[in-house]
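Asker: fold the following and give me the result.
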Amino acid sequence: MRIAFISPFFPLKGGIARFSGLLREALQCRGYEVTAFPFRALYPEFLVKDGTQGFYRADRALFKEARLVLFNPFSWFGAIRSLRSLKPELLLVAYWTGFLAPFYYMVRHLTGIRMVILLHNLSSHESFLFEPLMQKLLAASADGFITLSAAVAQQVRTSMPEIPMLELFHPLYEPDGAIPSVQDARRELNLDLQPPVLLFFGYVRRYKGLDTMLHAMPAILQKEPLLRLVVAGQFHEDPGSYRRLVAKLGIGANVDIYPGYVSTERSSLLFAAADAVVLPYRSATQSGVVQLAYGHGLPVIVTPAGALPEMVCPGKTGWIARDCSPEGFAEAVGEFLDFRNKHDLEAMRSAIEAFCCDFSWEAFAEAAGCFLEEGAAGK
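Answerer: The predicted structure is shown next:
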């Protein structure tokens, strides 16, 4: 089967680009012919801090085929012409924000090619005025949905029950390249070897609750005064506001903030140095950060937001806070610290491996491939 896959791909930054690249490879391994239709840019550069969604200028030669610009409707017609010429049997498109809906609506109705939507989120993390209209356009474009969590699947069943859907999962992210030792990683990051280290990783946006984590820190430090929190990722808000909060709370000696895009080598260093990964989210569908943590053998500490609890086996692969408050999250971190003081965290790695054995890209591609074949056949 010939599939055209519209999505961010490398060298665009971000988890969706990484996800799409790995999924394309997995589908190709199953014998499908998958042609990437990559975005050259998603948002105007002046709207994006530090080029978060920007183009890797140094890698322009690797991305010559990318002509698609989400904020430039003129580029949409070029993609539509290319699709008409290619004549794939199916369109697979990544969706995570309502801004994509008008483009996908035009593609579906001007090419006549059946479309399956890989649904990372149904609702944007930050809602906007026209989102209900965008979801109507999405429903009018979709011949099928693939979801990555039960929470998103339930939203689809409620709002678009007539559209075929396959509920899947977010596959595991294996580490890229060699993993440094804990000793080397902590030495490089100027962290002591013995105290616990928590990692907050990825884009910093309000819904991800970094401020919740910081407000929880005083209570956590009463239990473990030498604990360190490492924050690394692109900020969609002013990093200075978080630095001021750190100063106000008097936790500056225990918090390290590294704003900016995190390279593969740097992320391996950060995960190698950590004892656990924290996700104090206010809302969530699924999170690639959880699967990235599991890929490095690290437990996670999460809030009960959205689909996050689906991804955690309490006490074995991580801990779930009682609520999304700083107090609730501090209690969950306290449970992790109690476990760390009584057990060898290495023993948890085997539990994480066992829990994640069914979350492979091969299993995802096998299930998705069958659904895509049915979608192409109009079943």
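
Asker: so residue 81 is in which element?
Answerer: Assigned by DSSP states H and E, residue 81 falls within helix 73-86.

Asker: let me fix that, I meant to ask about residue 16.
Answerer: Going by DSSP H and E, residue 16 is part of helix 15-29.

Asker: where do the strands sit along this protein?
Answerer: In the chain, the segments counted as strands under DSSP state E are 2-7, 33-41, 68-69, 90-95, 115-119, 144-147, 165-167, 197-201, 228-233, 255-259, 276-279, 300-302, 318-320.

Asker: before we move on, the earlier item: let me know the average pLDDT across the helix holding residue 16.
Answerer: Throughout helix 15-29, pLDDT has a mean value of 93.

Asker: give me the angle between it and strand 33-41.
Answerer: 160 degrees (axes from the mean of the first three to the mean of the last three Cα atoms, to 10 degrees).

Asker: which strands and helices sit next to the helix-or-strand element of the chain with minimal mean pLDDT?
Answerer: Counting by mean pLDDT, DSSP states H and E, the chain has its least confident helix or strand at helix 345-356, which shows a mean of 82. Applying 3 or more Cβ pairs under 8 Å, 6 or more residues apart in numbering; DSSP states H and E, we find helix 345-356 packed against helix 288-295. To be clear about C-beta, it is placed using only N, CA and C from the backbone, and glycine gets the same treatment.

Asker: quick check: the residue most central in space within the chain vs residue 196, distance?
Answerer: The residue lying closest to the centre of the chain (Cα atoms, centre = their mean) is residue 288, at 3.6 Å. Noted for residue 288: a distance of 24 Å to residue 196, by Cβ to Cβ, to the nearest Å.

Asker: repeat for residue 272
Answerer: With the distance defined as Cβ to Cβ, residue 272 ends up 14 Å from residue 196.

Asker: the two: which is more packed in?
Answerer: Set residue 272 next to residue 196 and count neighbours by other Cβ atoms under 10 Å: residue 272 wins out with 22 against 19.

Asker: grab the nearest non-local neighbour of that one.
Answerer: Excluding the flanking residues, the one nearest residue 272 by Cβ to Cβ, 6 or more residues apart in numbering is residue 185, at 3.8 Å.

Asker: can I see the domain layout of this protein?
Answerer: If you go by automatic domain parsing, the domain ranges for the chain are 2-171+360-377, 182-356.

Asker: for these, which has the smallest mean pLDDT value?
Answerer: Here the domains of the chain differ in mean pLDDT, and the lowest is domain 2-171+360-377 at a mean of 86.

Asker: next one: that domain to chain centre, how far?
Answerer: 14 Å (Cα atoms, centre = their mean, to the nearest Å).

Asker: kindly report the same for stretch 269-289.
Answerer: 10 Å.

Asker: and that stretch, what's buried?
Answerer: Within stretch 269-289, the residues scored as buried using 16 or more other Cβ atoms under 10 Å are 269-289.

Asker: got the end-to-end distance for it?
Answerer: End-to-end span of stretch 269-289 (Cα to Cα, to the nearest Å): 15 Å.

Asker: please shift the residue numbers so they start at 5 in all later answers.
Answerer: OK, 5 is where the count begins now, so the last one is stretch 273-293.

Asker: next one: the residue of the chain most remote from its centre from residue 209, what distance?
Answerer: Distance from the C-alpha centroid of the chain, by Cα atoms, centre = their mean, peaks at residue 89 (32.7 Å). Relative to residue 209, residue 89 is positioned 38 Å away (Cβ to Cβ).

Asker: over to residue 334?
Answerer: 22 Å.

Asker: which secondary structure elements does the helix holding residue 20 contact?
Answerer: Helices and strands touching helix 19-33, by 3+ Cβ pairs under 8 Å, 6+ apart, are strand 6-11, strand 37-45, strand 94-99, helix 292-299, helix 365-381.

Asker: if you set the cut-off to 10 Å instead, what comes out?
Answerer: Packed against helix 19-33, as judged by 3 or more Cβ pairs under 10 Å, 6 or more residues apart in numbering; DSSP states H and E, are the following elements: strand 6-11, strand 37-45, strand 94-99, strand 119-123, helix 292-299, helix 365-381.

Asker: I figured residue 254 hits residue 225, correct?
Answerer: Yes: the criterion here is Cβ atoms under 10 Å, and residue 254 meets it with residue 225 at 9.3 Å.

Asker: quick one: which of the two has more around it?
Answerer: residue 225 (18 against 11).
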